[in-house]
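J.: Fold the following and give me the result.
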Amino acid sequence: MNAIEERMLKFYSKNDRSVTINACPGHFATSQSHTNFYIDVTRIKMRVSEAEEAAHALCAMIQDRIDTIDTIVCLDGTEMLGGFLGRQIEKGNFHMTNRHETMYVVEPEENSIHQFLFRINNRMAIEGKNVLILVDTTSTGETLKRVIECVRYYGGKPVGCAAIFSTIDSILDQKIYSLFSADDMPEYQVYEPQDCPFCAKKIPIDALVNGYGYAKL
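T.: Take a look at the predicted model:
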């Protein structure tokens with residue numbers, strides 16, 4: 001077991017205590033910011049039973065808040081979670097405009113300059129559809145912002161965002177429904193790289209992190 005795994009702490013969702021994530025305190029860098037915690041949500045994305053439980057909890061959160069969902073756009077390896085969430089939505093009290101009465105679950109492609117796009121054969125899942133965007137974690141909202149703009153570009157209508165962990169409540173007038181929030185981790189902080197207090201004290205970065213995990217320098 002390495003040092004990061006040894007320092008991991010477990011957090012329970014207030015909405016469903018069977019849903020948990022792990023977090024490690026330290027000095028971590030993402031592509032856009034530095035943080036004092038690494039949020040590990042990989043179990044929810046990799047384990048079938050945990051993904052299904054998380055999907056059930058997310059569906060309960062949006063049940064009375066979003067009326068119509070046709071498509072779930074998945075980011076950062078959340079396709080399995082998105083599949084379970086789609087099935088829960090199909091069973092729930094939601095409207096759907098898809099003639100085949102089943103949910104689309106798609107992932108956008110990201111090109112070399114970090115633009116999101118949908119290939120021609122996937123656009124029927126976006127154009128004219130009510131789209132829920134699913135992400136694992138978000139702290140600045142920059143990625144969600146780009147995906148919302150992408151969905152609108154292809155003629156879709158974003159109806160909200162769902163996340164495992166989020167420190168923000170909304171982005172571009174879209175509400176973010178998250179299983180875990182900053183209230184669950186009051187010590188969690190995000191810094192612009194140039195304003196990072198760890199860097200100012202010359203404290204080394206523990207790891208580079210993103211939605212797929214961490215990599216030691």
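
J.: on contacts alone, who are the packing partners of the helix or strand where residue 160 lies?
T.: Using DSSP states H and E, residue 160 sits within strand 157-166. Contact partners of strand 157-166 among helices and strands, from 3 or more Cβ pairs under 8 Å, 6 or more residues apart in numbering; DSSP states H and E: helix 48-62, strand 130-138, helix 142-153, strand 174-181. Where C-beta positions appear, they are placed from N, C-alpha and C, glycine not excepted.

J.: what's the following helix or strand after the first one?
T.: Right, helix 48-62. Using DSSP H and E, the next helix or strand after helix 48-62 towards the C-terminus is strand 71-74.

J.: still on that earlier bit, packed most tightly, which of the helices and strands packed on strand 157-166 would that be?
T.: Mean neighbours per residue, mean count of other Cβ atoms under 10 Å, is largest over the helices and strands packed on strand 157-166 for strand 130-138, with a mean of 25.

J.: Now that strand - C-alpha only, CSV.
T.: Presented in CSV, the C-alpha positions along strand 130-138 are these (Å, rounded to 0.1, in the frame of the first residue of the first chain):
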residue,chain,number,x,y,z
ASN,A,130,-33.2,16.9,-23.5
VAL,A,131,-29.8,16.2,-22.2
LEU,A,132,-28.5,15.4,-18.6
ILE,A,133,-24.7,15.7,-18.3
LEU,A,134,-23.0,13.3,-15.9
VAL,A,135,-19.5,13.9,-14.5
ASP,A,136,-17.5,12.2,-11.7
THR,A,137,-16.1,15.3,-10.0
THR,A,138,-16.1,19.0,-10.7
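
J.: picking that back up, any buried residues in the strand holding residue 160, and which?
T.: Within strand 157-166, the residues scored as buried using 16 or more other Cβ atoms under 10 Å are 158-166.

J.: Please identify the pairing partners of that strand and their relative orientation?
T.: Its sheet considered, strand 157-166 pairs with strand 130-138 (parallel), strand 174-181 (parallel) by DSSP bridges.

J.: quick one: residue 191 from residue 30, how far?
T.: From residue 191 across to residue 30, the span is 10 Å (Cβ to Cβ, to the nearest Å).

J.: Excluding chain neighbours, what is closest to the most centrally placed residue in the chain?
T.: With distances taken as Cα atoms, centre = their mean, the chain has residue 135 as the residue nearest its mean C-alpha position (1.9 Å). Spatial nearest neighbour of residue 135, chain neighbours left out: residue 75 (4.5 Å); criterion: Cβ to Cβ, 6 or more residues apart in numbering.
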